[in-house]
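# After the sequence you'll find the predicted model.
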Amino acid sequence: MLFQNNYLPNSVVAYAQDYEHGKFEPYHAHNCAQLIHTLSGVIRVETRLGSWVIPPNRGMWIPAGIEHSLYMTGLVKVRTLFIDPLARADLPHDCSVIDVSMLLKALIIEALELPKEIVSGGRDERIIELILDELRRLSSVSFYVPLPSLCCFGFFV
């Protein structure tokens, strides 16, 4: 898994991954925030707090340090952003499925081509800054199912 123990070379790093139907990523966490964007297929994301479904052309925001697992249905094409949690103070603090704007989608694709060394004041830095600005505008959609608690059934843990 990427960015579990090492740190990002930039405040935003893009990554592309394709999965076959039925693939599974076991529980893991990243030391940075993650925006998972699906181009095709469906991903079910499990955390200790609940379960989310990411349909095609949507995304999911996962804050830094949140353990999660991924279950793939269909041919899943994922484009992911890994974001330094200190890049912006006002980034979301909770997991949520989000709408991905056409602009953000284009920026994610563009970010896949960015070099590891970003020149200050150049186009590449402006792309990263615009991505961070777009992440502030994320709007959640309801694809979340909370996990039941034993206390709901008369048991106390």
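Ah, there it is. Numbering: from 1, shown residues only.
# all strands for the chain, in order.
Using DSSP state E, the strands of the chain run over 12-19, 24-28, 33-46, 50-54, 58-62, 68-83, 96-99, 140-141, 144-146.
# in this protein, which helix or strand is least confident?
Least confident helix or strand, the chain: strand 144-146 with a mean of 57, by mean pLDDT, DSSP states H and E.
# Next up, the contacts around L70.
Contacts for L70 (C-beta atoms under 8 Å, 6 or more residues apart in numbering) come out as F24, E25, I36, I43, R44, V45, E46. Glycine gets a C-beta too; all of them are placed from N, C-alpha and C.
# which of those lies closest to V13?
The closest of these to V13 turns out to be I36 (C-beta to C-beta; 13.5 Å).
# who are the neighbours in contact with the closest one?
I36 neighbours (C-beta under 8 Å, 6+ apart): I43, V45, I54, G59, M60, I62, L70, V78, T80.
# Recalculate using a threshold of 6 Å.
Contacts here follow C-beta atoms under 6 Å, 6 or more residues apart in numbering; on that basis I36 touches M60, V78, T80.
# quick one on the thing from earlier: now the strands of the chain in a markdown table, with distance to K105?
Converted to a markdown table, the strands of the chain look like this (distance: least, C-beta to C-beta, whole Å):
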| stretch | distance to K105 |
| --- | --- |
| strand 12-19 | 12 |
| strand 24-28 | 22 |
| strand 33-46 | 7 |
| strand 50-54 | 14 |
| strand 58-62 | 9 |
| strand 68-83 | 8 |
| strand 96-99 | 10 |
| strand 140-141 | 15 |
| strand 144-146 | 22 |
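# burial measure for the residue lying closest to D94 once chain neighbours are set aside, as a count.
Using C-beta to C-beta, 6 or more residues apart in numbering and skipping residues adjacent in sequence, the residue nearest D94 is P63, 6.9 Å away. When neighbours are counted by other C-beta atoms under 10 Å, P63 registers 18.
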